[in-house]
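J.: What shape does this take:
(one chain, ligands or ions: 1)
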Amino acid sequence: MFLFNGNWHQIIWEMEWPMLITLKFRKGVKPKNVRFRLCLALCLVILLFQCQTIFGQQKVVVIDPGHGGKDSGAIGLNGIKENEVVLHIAMEMLRLNNELDKPLDIYLTRYSDTLISLSDRTKLAKALKADLFVSLHCNHSDNPNARGIEVYVAHRKTKYSDRSIWLGFQLQDGLKKKLRLESRGVKFKNFQVLRETVDYCSSVLLELGFLSNNDESEYYQNTASLKALALVIFRILFKKLNSYERIRD
Ligand SMILES: [Zn+2]
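T.: Prediction:
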């Protein structure tokens, strides 16, 4: 908008998000001074747009509840199924996110008890330009005493590796402190979903408790436990994701 007021010419630029940029020139000002101020204003606008791009976008998270459909994953001593446990946790995380004023941009690789191929799960993270891919699983062992949580990150090092490892430590530490679950640490493994996402985003695979362990299978049978797990995992992801900038090419 151009305003002419007595001795002044004024340019007012209203931007999409609530901000006004105004330029005011005295009548008869030299053209080179006008050009200089216009260039300065243009630089400011570009800078603000970049800031909006970097800080204004919500982080995109792909949550991958493992298995599904005819692939039930591990089956607990009490009959609970891994595919149902992890879907329950993922849906609860989605519900918690939707309650926020500024939610994360969360997508699930499956929203129901269906089998999705591993490559389709990782393609979704790539297509959505995700900031984080989190695969949820439950563990199983022939040793009935095996228990605790493991967090896996990909073997291969990329520019996302440090952040994946750091987030892995935050998750196992948070689950240990908040829910008193045992931690078996952060480990490196060549899981397909990690291998195929590590070039595009931070990615972790959570092996939640052992369904082959009596105590842990009982714990995962309890809906309140699954809600507590979802809450702790979601809060860590939300807090940590909002504390860092996007890594992009
Ligand atoms: Zn699994």
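J.: average pLDDT for stretch 58-67?
T.: Confidence for stretch 58-67, expressed as mean pLDDT, is 96.
J.: and the residue nearest the centre of the chain, what helix or strand is that in?
T.: Most central in the chain under Cα atoms, centre = their mean is residue 61, positioned 3.2 Å from the mean C-alpha point. Element membership of residue 61 [criterion: DSSP states H and E] is strand 60-65.
J.: what are the pairing partners of that strand, and which direction each?
T.: strand 105-108 (parallel), strand 132-139 (parallel) (DSSP bridges).
J.: Just the residues contacting it, thanks.
T.: The contact list for strand 60-65, computed with Cβ atoms under 8 Å, 6 or more residues apart in numbering, reads 83, 86-87, 89-90, 93-94, 104-110, 121, 124-125, 128-136, 193, 237, 241. All C-beta atoms are positioned from the backbone trio N, CA, C, and that covers glycine.
J.: now these: which count as buried?
T.: Taking 16 or more other Cβ atoms under 10 Å as the criterion, what is buried in the contacts of strand 60-65 is 83, 86-87, 89-90, 93-94, 104, 106-110, 121, 124-125, 128, 130-136, 193, 237, 241.
J.: and the strand holding residue 61, how far from the chain's centre?
T.: Between the centre of strand 60-65 and the centre of its chain there are 7 Å (Cα atoms, centre = their mean, to the nearest Å).
J.: what about dumping the CA coordinates of that strand to CSV?
T.: The C-alpha trace of strand 60-65 is given here as CSV (Å, rounded to 0.1, in the frame of the first residue of the first chain):
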residue,chain,number,x,y,z
VAL,A,60,7.2,-34.0,11.0
VAL,A,61,7.2,-37.3,12.9
VAL,A,62,6.4,-40.7,11.5
ILE,A,63,5.5,-43.3,14.1
ASP,A,64,5.7,-46.8,12.9
PRO,A,65,3.8,-49.4,15.0
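J.: Does it reach the ion?
T.: No. Interface with the ion: strand 60-65 contributes nothing (Cβ under 5 Å from the ion), its closest point being 9.6 Å away.
J.: Residues touching the helix or strand just after that strand, excluding its own?
T.: The helix or strand immediately downstream of strand 60-65 is helix 82-98, counting by DSSP H and E. Identification of contacts with helix 82-98 by Cβ under 8 Å, 6+ apart yields 63-69, 71-76, 103-104, 106, 108, 110-113, 136-138, 140, 208, 211, 220, 223, 226-227, 229-231, 233-234, 238.
J.: okay, the angle between helix 82-98 and strand 60-65?
T.: If you take axes from the mean of the first three to the mean of the last three Cα atoms, to 10 degrees, helix 82-98 sits at 150 degrees to strand 60-65.
J.: Could you check how far helix 82-98 is from the centre of its chain?
T.: The answer for helix 82-98 is 14 Å, by Cα atoms, centre = their mean.
J.: wait, what's in contact with the residue of the chain found nearest the ion?
T.: Residue nearest to the ion within the chain (Cβ to the ion): residue 137, separated by 3.4 Å. Going by Cβ under 8 Å, 6+ apart, residue 137 touches 66, 67, 73, 82, 86, 205, 206, 207, 208.
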